[in-house]
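In: what's the 3D shape of this:
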Amino acid sequence: MTLGLNGTPIQGFDQEVWAEKFNYGKRDPQKSLEIFRVLRENNLALLKSIPKPLWENYGMHSERGAETVTRITEMVAGHDINHLTQIEKIVKGGNKRTRK
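Out: Predicted coordinates:
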């Protein structure tokens, strides 16, 4: 949305509610990884095609304010590492979930 409409609203959401409503804990991990891989591959293809001026387009996040395409990309690029760390903690320490 931000690429196509500069200044577009970005709605924040509660990730815990999302995970509960869509029953993330009971999903097949292999299927989830495959979906992640396909989505990441498509997102990378999109990012490689963005014209230079559009990297400064921004959305207005409901909780964090203005976020450029550059900033959103930086956040998403490291987000999977955060989840891998969470998974490692769960595997080592039982089923304790940490919110990041």
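
In: where does this protein dip in pLDDT?
Out: 94-100 (pLDDT under 70).

In: Please, where are all the helices along it?
Out: Ranges of helices within the chain are 15-21, 29-48, 69-93, based on DSSP state H.

In: and the first one, how far out from the chain's middle?
Out: In this view, helix 15-21 has its centroid 14 Å away from the chain centroid, taken as CA atoms, centre = their mean, to the nearest Å.

In: Turn the helices of the chain into JSON lines, columns for distance to residue 54 and mean neighbour count.
Out: Where you see a C-beta, it was placed from the backbone N, CA and C, and this is true even at glycine. Listed next are the helices of the chain as JSON lines, based on distance: least, CB to CB, whole Å; neighbours: other CB atoms under 10 Å:
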{"stretch": "helix 15-21", "distance to residue 54": "27", "mean neighbour count": "11"}
{"stretch": "helix 29-48", "distance to residue 54": "11", "mean neighbour count": "10"}
{"stretch": "helix 69-93", "distance to residue 54": "6", "mean neighbour count": "12"}
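
In: for these, which one sits closest to residue 56?
Out: helix 69-93 (6.9 Å; CB to CB).

In: What distance do you get for residue 67 to residue 1?
Out: 12 Å (CB to CB, to the nearest Å).

In: If you count surrounding residues, which of the two has more?
Out: residue 67 (18 against 9; other CB atoms under 10 Å).

In: OK, contacts around that one?
Out: 2, 10, 58-61, 75 (CB atoms under 8 Å, 6 or more residues apart in numbering).

In: Which one (most neighbours) among those?
Out: Counting by other CB under 10 Å, top hit in the contacts of residue 67: residue 59 with 23 neighbours.

In: From residue 12, how far off is that one?
Out: Residue 59 is 11 Å from residue 12, by CB to CB.

In: repeat for residue 55
Out: Taking CB to CB, one finds residue 55 at 22 Å from residue 12.

In: Check residue 92 too.
Out: Distance from residue 92 to residue 12, by CB to CB: 30 Å.
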